[in-house]
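Asker: how does the following fold in three dimensions:
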Amino acid sequence: TFTSSDADKKGIRKACIGVLTNPIIIGIVLGMIASFFNIKFPGMVKKTISNMGVMTSPLALISIGATFRGREALAKIKPTLGASFIKLIGLAAVFMPLAIYMGFRDQKLIALLIMLASPCTASYIMAKNMDGDAELASSIVVATTVLSAVTLTVWIFVLRSFGFVQ
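Answerer: Predicted coordinates:
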């Protein structure tokens, strides 16, 4: 007989396999290994990797734009706005004061701000590859991409007003 415990085990196993075979996670692990062992790549390989890195976000945004469905996105407006608020305002509101307290200023503080309060295009790809809610993820990416132009400007203005960045 098939029990819910068996279904739970299969679900956990499937999720673990999904995480272990996720191209983004594999890339991060390989990058960490290369960094740890201080592996030097030939110029041609460095240039290829650099070009691929530059194209990642634009290709993800093209993919999102090609598959974006406005009606489905509007149906999920509440979670979209909630996630967008957390990503663009909430994370920075919590962690920027901590970074300032720890002594981060100028370019280092701006780098942290960008990591905390900018859109995350990889979320759509990960949601799609792991059979998640790709429509919600694409809706969040679209909203955060559009709104980040305003919120990042406001964050930088606030940081400059208080003298934390020059």
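Asker: please count neighbours and contacts with C-alpha atoms only from this point.
Answerer: Fine.
Asker: could you double-check that R69 lies in contact with E135?
Answerer: Yes. Using CA atoms under 8 Å, R69 is in contact with E135, at 7.5 Å.
Asker: okay, these two: which has more neighbours?
Answerer: Neighbours per residue (other CA atoms under 10 Å) separate R69 from E135, with E135 holding more: 20 against 13.
Asker: what's the distance between the residue nearest the centre of the chain and L74?
Answerer: The chain has C120 as the residue nearest its centroid, 3.0 Å off, counting by CA atoms, centre = their mean. To L74, C120 is 20 Å away according to CA to CA, to the nearest Å.
Asker: same for the lengthiest helix in the chain, what does it pack against?
Answerer: For the chain, the longest helix by residue count, based on DSSP state H, is helix 134-161. Counting contacts by 3 or more CA pairs under 8 Å, 6 or more residues apart in numbering; DSSP states H and E, helix 134-161 is packed against helix 70-75, helix 77-85, helix 106-117, helix 122-129.
Asker: run the chain-centre distance for stretch 121-131.
Answerer: How far stretch 121-131 lies from its chain's middle: 10 Å, per CA atoms, centre = their mean, to the nearest Å.
Asker: need the residues that contact it.
Answerer: Stretch 121-131 is touched from outside by 18, 22, 24, 57, 60-61, 64, 132-134, 137-138, 141, with contacts defined as CA atoms under 8 Å, 6 or more residues apart in numbering.
Asker: columns distance to T153, neighbour count and pLDDT on top of these, output as CSV?
Answerer: Below are the contacts of stretch 121-131 laid out as CSV (distance: CA to CA, whole Å; neighbours: other CA atoms under 10 Å; pLDDT from 0 to 100):
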residue, distance to T153, neighbour count, pLDDT
G18, 37, 15, 81
N22, 33, 14, 81
I24, 29, 14, 79
S57, 20, 15, 75
A60, 23, 19, 75
L61, 21, 19, 76
I64, 24, 21, 77
G132, 32, 14, 84
D133, 30, 12, 87
A134, 28, 20, 84
A137, 24, 25, 89
S138, 23, 28, 87
V141, 18, 25, 89
